[in-house]
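Undergrad: return a 3D structure for these sequence lines:
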Amino acid sequence: MSISYGNLLGPVMPVLLMLGIVVANHVIAGNRSDKKAASESLRFSAALLAELGAMLDLYKINLDLIDKKANYLLSTRTMIAVYKSNLSRLTVLLEDGVIRDIVDAFAENERMESQVAAYSNLKCNLTYQFSPADVNFDEWNRMYRQAAQRIIQACQKLEHGTGPIDAISSRGRIASLSWAVAK
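TA: Numbers count the residues shown, from 1 in each chain. Model (predicted):
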């Protein structure tokens, strides 16, 4: 008695072919999804780096104003649109250590803004005006330098955690503003 393999494989062949197609489809879809998530993570990181860099620029201006004992400071709350509008994406697209530093930097900014607001009148959501006699400029100077250090640390982790982002790198800005911590 001879067994014909053609007769055995005939009815099973369409099922095997469909199973192969389903597996290949899942592999291709998984690769596309991974590439899309990596690309989205890079773009989100770039936006956060730009936002943190802009905050550092404002910190530099505010530190200059503090050194001059001016009667106003610029608000940095208007600079946090990317962070606030993407909180849900933050936990999905970034690593744990990076998330901690990013949230810490923005939380420090909010604490600092609250302390400045306690002695000031907010004008047009852009500046805090106050009487220089009512303000401890040394404390505010220390506060802004400490916050700048947190932002620099968050930017460094963000750049390191996502790989090189040469086209939109904030390394130059971080290096030029690291004076804020060194003083």
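Undergrad: quick check on Leu126: phi, psi?
TA: Per-residue torsions, Leu126: phi -120, psi -30 (degrees, to the nearest 10).
Undergrad: ok, longest helix in the chain?
TA: The residue-count maximum for a helix in the chain (DSSP state H) belongs to helix 5-67.
Undergrad: what mean pLDDT does stretch 62-72 have?
TA: The average pLDDT within stretch 62-72 is 94.
Undergrad: can you give me the end-to-end distance of that stretch?
TA: The straight-line separation of the ends of stretch 62-72 (CA to CA, to the nearest Å) is 9 Å.
Undergrad: confirm Ala70 sits in a strand?
TA: No. Counting by DSSP: H, G, I helix; E, B strand; the rest coil, Ala70 is not found in a strand; it is coil.
Undergrad: now do the contacts for it.
TA: Ala70 is in contact with Pro132, counting by CB atoms under 8 Å, 6 or more residues apart in numbering. From N, CA and C alone the C-beta is placed, and that goes for glycine too.
Undergrad: low pLDDT regions in this protein?
TA: In the predicted model, the chain carries pLDDT under 70 at residues 1-10, 30-31, 33-34, 36-37, 161-183.
Undergrad: point to the residue nearest the middle of it.
TA: Nearest to the geometric centre of the chain sits Leu48, at 3.4 Å (CA atoms, centre = their mean).
Undergrad: ok, that one to Leu56 distance?
TA: 13 Å (CB to CB, to the nearest Å).
Undergrad: cool, and Asn125?
TA: For Asn125, the distance to Leu56 equals 20 Å [CB to CB].
Undergrad: what about the two, which has more around it?
TA: Applying other CB atoms under 10 Å to Asn125 and Leu56 shows that Leu56 carries more neighbours, namely 24 against 8.
Undergrad: isn't that one right next to Ala147, touching?
TA: No. Counting by CB atoms under 8 Å, Ala147 is not a contact partner of Leu56; they are 9.3 Å apart.
Undergrad: just checking, what packs against whichever strand or helix holds Val98?
TA: Using DSSP states H and E, Val98 sits in helix 96-118. In terms of contacts (3 or more CB pairs under 8 Å, 6 or more residues apart in numbering; DSSP states H and E), helix 96-118 is packed against helix 5-67, helix 87-93, helix 137-162.
Undergrad: columns distance to Asn121 on top of those, output as a markdown table?
TA: Compiled in a markdown table, those are given as follows (distance: least, CB to CB, whole Å):
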| stretch | distance to Asn121 |
| --- | --- |
| helix 5-67 | 16 |
| helix 87-93 | 29 |
| helix 137-162 | 16 |
